[in-house]
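> Here is my input, please return the structure:
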Amino acid sequence: AERGHGTLWSGITKGLEHYGLKNVKSIDDIAEVWKELAKGDRVGVFLFGNNHAPDGRIFTSGGHYIAVCGYAKDSKGNDWVYLKDSGGRNNERWLCYQTSIRGTLKKMWVGQIDHQSIVLPERGYFKLGDKAQSVRVIQQFLKDLKLYKGKVGGKYWKLTQKAVRKFQKKYGLAVDGLWGKECTAMYEKLKKDK
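Reported below is the predicted structural model:
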């Protein structure tokens, strides 16, 4: 961010890389964005301007960044994106590009998810009830260590918590069943040593 000017476009690329995305690109052509998102392991950020969408929707009076976390094409050929808006304007939902977004975008970024990285939530740890791609990575890792016997589905339920406790005990970490910075550091060390 730059004082008085909001978030710089170059900061979006750096931010997405900081959170573990690879091959981050700024893309100006929406058809290229759809090609990237259709690969399935891509997410992105759209910068919305103050133009009206075909359905009359306005996302912002100036500029607003919204995370793009999913993509689908319907039987009529319409492009749908799953948006997560931390600003509370749209919360989380699927929107059709052709009816609710077209004409409102100023800039777009797409990056590849690193399926082996663990990105902790803002609180700094995963706990019972959490759902995330990183939980899926944790579950597969614990399964490979023969500590987890459940489904690799990305939900941090009791079997995951139990396996995390076993992992913490085995590697001399504080045993609390929460996957946080210590567990992630040990995960990275073990992956590097492999």
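> hey, let's count contacts and neighbours off CA atoms from now on
OK.
> pLDDT weak spots in this structure?
1-6, 87-91, 114-115, 194 (pLDDT under 70).
> Quick one: the helices in it, in order.
9-18, 30-37, 97-100, 133-144, 158-170, 181-193 (DSSP state H).
> From the contact counts, what lies against the second one?
I take that to be helix 30-37. Here helix 30-37 touches strand 64-73, strand 105-113, going by 3 or more C-alpha pairs under 8 Å, 6 or more residues apart in numbering; DSSP states H and E.
> do the shortest one as well
With contacts taken as 3+ C-alpha pairs under 8 Å, 6+ apart, helix 97-100 sits against strand 79-84.
> Contacts for the strand it packs on next, please.
34, 66-74, 90-98 (C-alpha atoms under 8 Å, 6 or more residues apart in numbering).
> which of those residues count as buried?
Neighbour-count burial (16 or more other C-alpha atoms under 10 Å) applied to the contacts of strand 79-84 gives 34, 66-72, 92, 94-97.
> how about those, which pair is most distant?
Trp34 and Glu92 (19.4 Å; C-alpha to C-alpha).
> Any idea what Ser26 is bridged to?
Per DSSP bridges, the residues bridged to Ser26 are Trp109.
> residues touching it, list them.
By C-alpha under 8 Å, 6+ apart, the neighbours of Ser26 are Thr13, Lys107, Met108, Trp109, Val110.
> Looking at those residues, which is nearest Cys183?
Among these, Thr13 lies closest to Cys183 (C-alpha to C-alpha), at 27.5 Å.
> dump the residue contacts of the nearest residue to the closest one once chain neighbours are set aside.
What sits nearest to Thr13 in space, not counting adjacent residues and going by C-alpha to C-alpha, 6 or more residues apart in numbering, is Val24, at 6.2 Å. Applying C-alpha under 8 Å, 6+ apart, we find Val24 in contact with Thr13, Leu16, Glu17, Trp109, Val110, Gly111, Gln112.
> ok, the second one - contacts?
Listed by C-alpha under 8 Å, 6+ apart, the contact partners of Leu16 are Val24, Gly111.
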